[in-house]
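K.L.:
let's see this in three dimensions:
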Amino acid sequence: KQADAKEQLARGFDEMPEVREVLDTHLDISQDPSLAVRSVYGQWFPWLTLLDRTWAEHRKDRIFPTNEQSHAYFDAAWNAYITFCQPYNDVFNLLRDIYGHAAKRIGVHDGSTKWIRNPDEGLAEHLMAFYWWGNIKLEDTLFVLFWQNAPNALRAYAIKFVGHALQQTKEAIPAEVISRLQGLWDNRFSQIKEAPQEHKKEISAFGWWFVSGKFDTTWSIGRLLEALSLNPKSEPAHLVIEHLVQTVKTHPAESVQALRKIAEGDREGWCIYGSREHIRQILQAGLQAPDARQEAEAAIHYLGSRGFLEYRDLPNQ
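P.N.:
Predicted coordinates for the structure are as follows:
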């Protein structure tokens, strides 16, 4: 409330040198070797940056040490940071090399230490957010490093995270963001198709993008069919089938083809059984479209061969 409050804040720890002294003292391992204390620096690093960016910039390598002998201290600070802190562009620009170090260490946690959450998943969420915002690009070394080091399950988690974010965004998504995300999937798919067996979970995770309904239907149904051609399991399958009820209105042939592929991938039949009403609607719409009728009839015959006989009346309606 003081008139010179902004000037005081701009002076950072010069305005409160006793705070800087305490923080520097506890960063000295010879005086305070506690890993728990180091985790506090990580958890509150964005606020330390806000208080005094210059101090944070000069201390970040002590808070997040990357030398081989200090991995325990790095993990304590980094895992607290990535668990408790939201992604902030300003902090990311300060810690870009630290994010890179974390990307190099993906998978090093053997499970012997119980973290509140998987730090690699936290890294994936942050990087997906920074890419969404345009702060990193496809060719960024950090982004490339993440995709190279991430195992199948973590790559799938990253794709799924974006899908959830799309679903939860109620307002219209800017065209440049949609274009950026399309570029991401097309880039991933160009690499996935070279070795699809190593990317099955990542392939199936595209279903979350499809059900969001945020993309142009021609693009999304086309990419769904490409993904299903490599892996007929799409997640979440029941929601994908439900969304096909919408896409079949404008893209009947592609929607029926996607339904057939999902049914082929559902060897147990649970999704088929649980989505009977939506399947019926898709097949009905397909039968009414000249370019999709043959596909719909073939799908009905296939389902009948699997014991799902309740659709055999549709061609005669």
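
K.L.:
from here on, just use CA atoms for contacts and neighbour counts.
P.N.:
Fine.

K.L.:
can you show me the helices along the stretch 1-150 of the chain?
P.N.:
5-10, 17-27, 35-43, 45-51, 53-63, 71-84, 89-104, 119-133, 141-149 (DSSP state H, counting those that start in this stretch).

K.L.:
quick one: Asn79 and Pro119 touch, right?
P.N.:
Yes. Assessed by CA atoms under 8 Å, Asn79 is found in contact with Pro119 at 5.6 Å.

K.L.:
can you get me the centre-to-centre distance for the helix or strand of the chain with the lowest mean pLDDT and its chain?
P.N.:
Least confident helix or strand of the chain, by mean pLDDT, DSSP states H and E, is helix 5-10 with a mean of 75. Mean-position distance between helix 5-10 and its chain equals 38 Å (CA atoms, centre = their mean, to the nearest Å).

K.L.:
excluding covalently adjacent residues, which one is nearest to Leu239?
P.N.:
Val211 (6.4 Å; CA to CA, 6 or more residues apart in numbering).

K.L.:
again, but for Leu230
P.N.:
Pro196 (6.3 Å).

K.L.:
cool, and Leu283?
P.N.:
Ala296 (5.6 Å).

K.L.:
again with Ala158
P.N.:
Ala158 sits nearest to Ala124 (CA to CA, 6+ apart), 5.5 Å away.

K.L.:
so how far is Lys200 from the one you found?
P.N.:
18 Å (CA to CA, to the nearest Å).

K.L.:
those two: which is more packed in?
P.N.:
For Ala124 and Lys200, the more surrounded residue by other CA atoms under 10 Å is Ala124, and the numbers stand at 25 against 20.

K.L.:
how about the more buried one, what does it touch?
P.N.:
Leu154, Tyr157, Ala158 (CA atoms under 8 Å, 6 or more residues apart in numbering).

K.L.:
the helix or strand encompassing the last one vs helix 141-149, what angle?
P.N.:
Ala158 is part of helix 152-168, with elements assigned from DSSP states H and E. Computed by axes from the mean of the first three to the mean of the last three CA atoms, to 10 degrees, the angle separating helix 152-168 from helix 141-149 equals 120 degrees.

K.L.:
so for the helix or strand that helix 152-168 is followed by, what gets flagged as buried?
P.N.:
Under the assignment DSSP H and E, the closest C-terminal helix or strand after helix 152-168 is helix 175-192. The neighbour-count check on helix 175-192 (16 or more other CA atoms under 10 Å) flags Ile178, Arg180, Leu181, Gln182, Leu184, Trp185, Arg188, Phe189, Ile192 as buried.

K.L.:
could you check the pLDDT of the fourth one?
P.N.:
Residue-level confidence at Gln182 comes out at 98, pLDDT.

K.L.:
any idea how far the residue nearest to Leu230 is from Glu242?
P.N.:
26 Å.

K.L.:
low-confidence ranges in the stretch 51-200 of the chain?
P.N.:
110-115 (pLDDT under 70).

K.L.:
OK, contacts around Gln284?
P.N.:
Here Gln284 is in contact with Leu314 (CA under 8 Å, 6+ apart).

K.L.:
name the element it belongs to?
P.N.:
helix 276-288.

K.L.:
before we move on, what about Glu264?
P.N.:
Element membership for Glu264 (DSSP H and E) is helix 252-265.
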